[in-house]
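K.L.:
Mind folding the following:
(chains A and B)
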Amino acid sequence: GEDVEQSLFLSVREGDSSVINCTYTDSSSTYLYWYKQEPGAGLQLLTYIFSNMDMKQDQRLTVLLNKKDKHLSLRIADTQTGDSAIYFCAESALSSGSARQLTFGSGTQLTVLP
Amino acid sequence: GAVVSQHPSRVICKSGTSVKIECRSLDFQATTMFWYRQFPKKSLMLMATSNEGSKATYEQGVEKDKFLINHASLTLSTLTVTSAHPEDSSFYICSAWRLFYGYTFGSGTRLTVV
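P.N.:
Numbers count the residues shown, from 1 in each chain, chains lettered A, B, ... in the order given. All right, here's what the predicted structure looks like:
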């Protein structure tokens, strides 16, 4: 079955860049997502990338996709204390225009130190 | 953007009682609703997938008689935890999907069974 893996913890200093990595196994993945979850809250979609793209940038966020290695990364520039949260990568594939379940990684706890 | 409202955000109930959690898509009609369970510091575990007007498809190991899912309309899905026990205490999150809207998550419900 599909598997998505992430490292569990990352600590960075305020103002530095954070890079959160993710690997997946399903070669039919169509979309890859990054979600942010703050304590006691639901998931907030940060960004997503379509499988035929290599890179996507949105303000402080840069997503890199290496489809050959099935590796996805999220870079947060100028990391702030408000970025401290759990970050999940997730993958899905479309099937004839209908939804397929998201497969989530284990989540990476990002801690931003002052 | 697409908004999903999930209620209640927090509920405490006595062992043996039933609890209903609502998930509403406010500004779009959701073709598919997903229900997840999240244990502390863990990833999201898919419980079931429901399409409007159809019976929900439950993941392996999820008791369909215990976790009743109703998706009677394109904007409302409910999860009822029947005869709740302390081990059912968890964080439950819904997600609504529609083509071109993608996945939109509710803010989650913290269930505590005492």
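
K.L.:
Residue A:17: neighbour count?
P.N.:
The number of residues packed near residue A:17 is 12, by other Cβ atoms under 10 Å in any protein chain shown. For every residue, glycine as well, the C-beta is placed using N, CA and C.

K.L.:
okay, it: pLDDT?
P.N.:
Per-residue confidence (pLDDT) for residue A:17: 97.

K.L.:
Now do the strands in chain A.
P.N.:
Ranges of strands in chain A, per DSSP state E, are A:4-6, A:9-13, A:18-24, A:31-37, A:43-50, A:55-58, A:61-66, A:71-76, A:85-92, A:103-104, A:108-113.

K.L.:
Run a quick neighbour tally on residue B:89.
P.N.:
Count around residue B:89 with other Cβ under 10 Å applied: 17.

K.L.:
Likewise for residue B:70?
P.N.:
Residue B:70 is flanked by 16 other residues according to other Cβ under 10 Å.

K.L.:
Find the nearest non-adjacent residue to it, please.
P.N.:
Across the structure, with Cβ to Cβ, 6 or more residues apart in numbering or on different chains as the measure, the residue nearest residue B:70 apart from its sequence neighbours is residue B:78 (4.8 Å).

K.L.:
Give me the three-state assignment for the one you found.
P.N.:
strand (DSSP: H, G, I helix; E, B strand; the rest coil).

K.L.:
before we move on, back to that, just put the strands of chain A in JSON lines and tack on distance to residue B:10 and mean neighbour count.
P.N.:
Shown next, in JSON lines, are those (distance: least, Cβ to Cβ, whole Å; neighbours: other Cβ atoms under 10 Å in any protein chain shown):
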{"stretch": "strand A:4-6", "distance to residue B:10": "28", "mean neighbour count": "20"}
{"stretch": "strand A:9-13", "distance to residue B:10": "27", "mean neighbour count": "13"}
{"stretch": "strand A:18-24", "distance to residue B:10": "29", "mean neighbour count": "19"}
{"stretch": "strand A:31-37", "distance to residue B:10": "16", "mean neighbour count": "22"}
{"stretch": "strand A:43-50", "distance to residue B:10": "17", "mean neighbour count": "17"}
{"stretch": "strand A:55-58", "distance to residue B:10": "32", "mean neighbour count": "12"}
{"stretch": "strand A:61-66", "distance to residue B:10": "30", "mean neighbour count": "17"}
{"stretch": "strand A:71-76", "distance to residue B:10": "30", "mean neighbour count": "20"}
{"stretch": "strand A:85-92", "distance to residue B:10": "19", "mean neighbour count": "23"}
{"stretch": "strand A:103-104", "distance to residue B:10": "23", "mean neighbour count": "22"}
{"stretch": "strand A:108-113", "distance to residue B:10": "22", "mean neighbour count": "17"}
